[in-house]
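Asker: make a model of this:
(one chain, ligands or ions: 1)
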Amino acid sequence: MRQKRMRISLLFVFILMSSFLISSLANAAEGTVDVSSSLNVRSEPSESSAIIGSLSAGTQISYEETGNGWASIDYNGHTGYVATEFLSSATSDGARANSVSGQTIVIDPGHGGNDPGAVANGLQEKDVVLDVGQRAAEKLRSSGANVIMTRSTDEFIELEERAAIANRAGADIFVSIHANAAAATSASGTESYHFPTSTNGQRLASSIQTELINELGTRDRGVKDANFSVLRNTAMPATLLELGFITNAAEADRMKTSSFRESAANAVHDGVQSYYGN
Ligand SMILES: [Zn+2]
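Answerer: Alright, predicted model coming up:
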């Protein structure tokens, strides 16, 4: 009798331990640090505990949820804790490249400072593309991208420097934003460029072009290749977008509106997202 009771309690302990093991395995996950700069690692699962280190944006980690919004990680051989709200789960195959999250994206608003770009119909290209660029950057950041602007104010930057900024940052993709001009004021529509030999550049240009046409409803002038400085000198897939024609009165009028700029920014965001496969 006594022996049987012992056996039952041992069985009970075994079941209890297995269920703990299974539940802790189920909570183990892979994730990507999804913050704009860096995520604090703490000694205890609490905001008030000591900071023992930090993880940079885009870092992939294995973690175990400990409840109440915290997860434990192995940090330099010690156990550290991070807030789970700043972790985005990796896909089951661990691939991170199919998400905008964690990507370093350079947004390059064309012209600036004493170079206004195209000027017509009461508009300067440099102003339109800076506004669209900033809106696009904000949207991409909300999706977890690390966005670098070649300029975020009205300043002049050499073409070579724009590419160098992206190369130094080890950027994943480069998106240059422009508006077109032509002697014929009837010229209209949207086009996107890539470097002739860049397959991924072509894919990027084409993903964004599709979204621009969807969002803006402009004439589709297509995806083209060109030996532009920013496309030639960037070490990552790059595209240069011509949103519309400043020299076309109707398109210039649209480009003055925040709804056009917001739509163009949405198209850049969605096009980049579709480039990454979702
Ligand atoms: Zn331009």
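Asker: which residue packs closest to residue 116, ignoring adjacent ones?
Answerer: residue 124 (4.2 Å; Cβ to Cβ, 6 or more residues apart in numbering). (Each C-beta comes from the backbone N, C-alpha and C, glycine too.)
Asker: for residue 109, that is, sorry about that
Answerer: residue 133 is the one closest to residue 109 (Cβ to Cβ, 6+ apart), at 3.6 Å.
Asker: ok, now residue 85?
Answerer: residue 69 is the one closest to residue 85 (Cβ to Cβ, 6+ apart), at 6.2 Å.
Asker: again, but for residue 137
Answerer: residue 147 (4.4 Å).
Asker: just to be sure, that neighbour is in a helix?
Answerer: No. With DSSP: H, G, I helix; E, B strand; the rest coil as the criterion, residue 147 is strand rather than part of a helix.
Asker: count of neighbours near it?
Answerer: A count of nearby residues for residue 147, using other Cβ atoms under 10 Å, gives 22.
Asker: that one and residue 105 touch, don't they?
Answerer: Yes. Contact criterion Cβ atoms under 8 Å: residue 147 and residue 105 qualify, at 5.2 Å.
Asker: and for these two, which residues touch both?
Answerer: Taking Cβ atoms under 8 Å, 6 or more residues apart in numbering as the contact rule, residue 147 and residue 105 both touch residue 140.
Asker: re the thing from before, from the ion, how far off is the residue nearest to residue 137?
Answerer: Remark: distance between residue 147 and the ion (Cβ to the ion, to the nearest Å) = 20 Å.
Asker: quick check, pLDDT for that residue.
Answerer: pLDDT, residue 147: 98.
Asker: residues contacting it?
Answerer: 104, 105, 106, 107, 137, 140, 141.
Asker: got a markdown table for these, with neighbour count and secondary structure too?
Answerer: What follows is those, written out as a markdown table (neighbours: other Cβ atoms under 10 Å; DSSP: H, G, I helix; E, B strand; the rest coil):
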| residue | neighbour count | secondary structure |
| --- | --- | --- |
| 104 | 18 | strand |
| 105 | 26 | strand |
| 106 | 26 | strand |
| 107 | 30 | strand |
| 137 | 23 | helix |
| 140 | 23 | helix |
| 141 | 15 | helix |
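Asker: and the residues you listed, which is closest to the ion?
Answerer: Closest approach to the ion among the contacts of residue 147 (Cβ to the ion): residue 107, at 14.3 Å.
Asker: surely the closest one is in contact with residue 135?
Answerer: No. Residue 107 lies out of contact with residue 135 (Cβ under 8 Å); the separation is 9.8 Å.
Asker: neighbours around the residue nearest to residue 85, how many?
Answerer: Residue 69, neighbours per other Cβ under 10 Å, totals 13.
Asker: what separation do you get for it and residue 30?
Answerer: Noted for residue 69: a distance of 18 Å to residue 30, by Cβ to Cβ, to the nearest Å.
Asker: tell me which parts of the stretch 1-150 of the chain are close to the ion?
Answerer: Contacts of the stretch 1-150 of the chain with the ion, taken as Cβ under 5 Å from the ion, map to 110, 117.
Asker: how about the strands in the stretch 1-150 of the chain?
Answerer: Per DSSP state E, counting those that start in this stretch, the stretch 1-150 of the chain carries strands over the ranges 28-33, 38-42, 51-56, 60-67, 70-75, 78-83, 87-89, 104-109, 119-120, 123-124, 146-149.
Asker: can you lay out those as a markdown table showing distance to residue 203?
Answerer: Formatted as a markdown table, these follow (distance: least, Cβ to Cβ, whole Å):
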| stretch | distance to residue 203 |
| --- | --- |
| strand 28-33 | 23 |
| strand 38-42 | 31 |
| strand 51-56 | 27 |
| strand 60-67 | 24 |
| strand 70-75 | 35 |
| strand 78-83 | 34 |
| strand 87-89 | 24 |
| strand 104-109 | 15 |
| strand 119-120 | 32 |
| strand 123-124 | 31 |
| strand 146-149 | 20 |
